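K.L.:
Any chance you can model this:
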Amino acid sequence: MIETEQKLIQIGSSEGVTLSKKDIATLGAKRGDILRIRVERVIKKDIQHEDLLKDYDMFVKTYGQTLKNLADR
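P.N.:
You can find the predicted model right below:
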């Protein structure tokens, strides 16, 4: 058994996923063999967005009171 993540791509007028030669060799499969495939959608979090939120939280923690003091002048 192999576990891999692949991007859905266009193949002709259809869409599909591919398996690497390494994964096929690991399975011991060859063209014409029937493979059982289980599929689930992977939803990855936007890492850049998370990093931006962390940076914002750090900024507010560091400079929040200073900015509030300036706004209250």
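K.L.:
per-domain residue ranges of this structure.
P.N.:
Domains of the chain are assigned by automatic domain parsing as 1-42, 44-73.
K.L.:
Quick one: end-to-end length of stretch 20-40, please.
P.N.:
End-to-end distance for stretch 20-40: 19 Å, by Cα to Cα, to the nearest Å.
K.L.:
Mind listing what's buried along that stretch?
P.N.:
Judged by neighbour count (16 or more other Cβ atoms under 10 Å), stretch 20-40 contains these buried residues: I24. Just so you know, the C-beta spots here come from the backbone N, C-alpha and C atoms, and that holds for glycine as well.
K.L.:
all strands of this protein, in order?
P.N.:
Ranges of strands in the chain, per DSSP state E, are 9-11, 14-16.
K.L.:
before we move on, the earlier item: just send the domains of the chain back as TSV, with mean pLDDT too.
P.N.:
TSV is the format used below for the domains of the chain (pLDDT from 0 to 100):
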stretch	mean pLDDT
domain 1-42	94
domain 44-73	86
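K.L.:
L52: which of the strands of the chain is closest?
P.N.:
With Cβ to Cβ as the measure, strand 9-11 is the member of the strands of the chain nearest L52 (29.1 Å).
K.L.:
Summarise which helices and strands the closest one is packed against.
P.N.:
Of the remaining helices and strands, none touches strand 9-11 by 3 or more Cβ pairs under 8 Å, 6 or more residues apart in numbering; DSSP states H and E.
K.L.:
any idea how far S13 is from K7?
P.N.:
Using Cβ to Cβ, to the nearest Å, S13 is found at 18 Å from K7.
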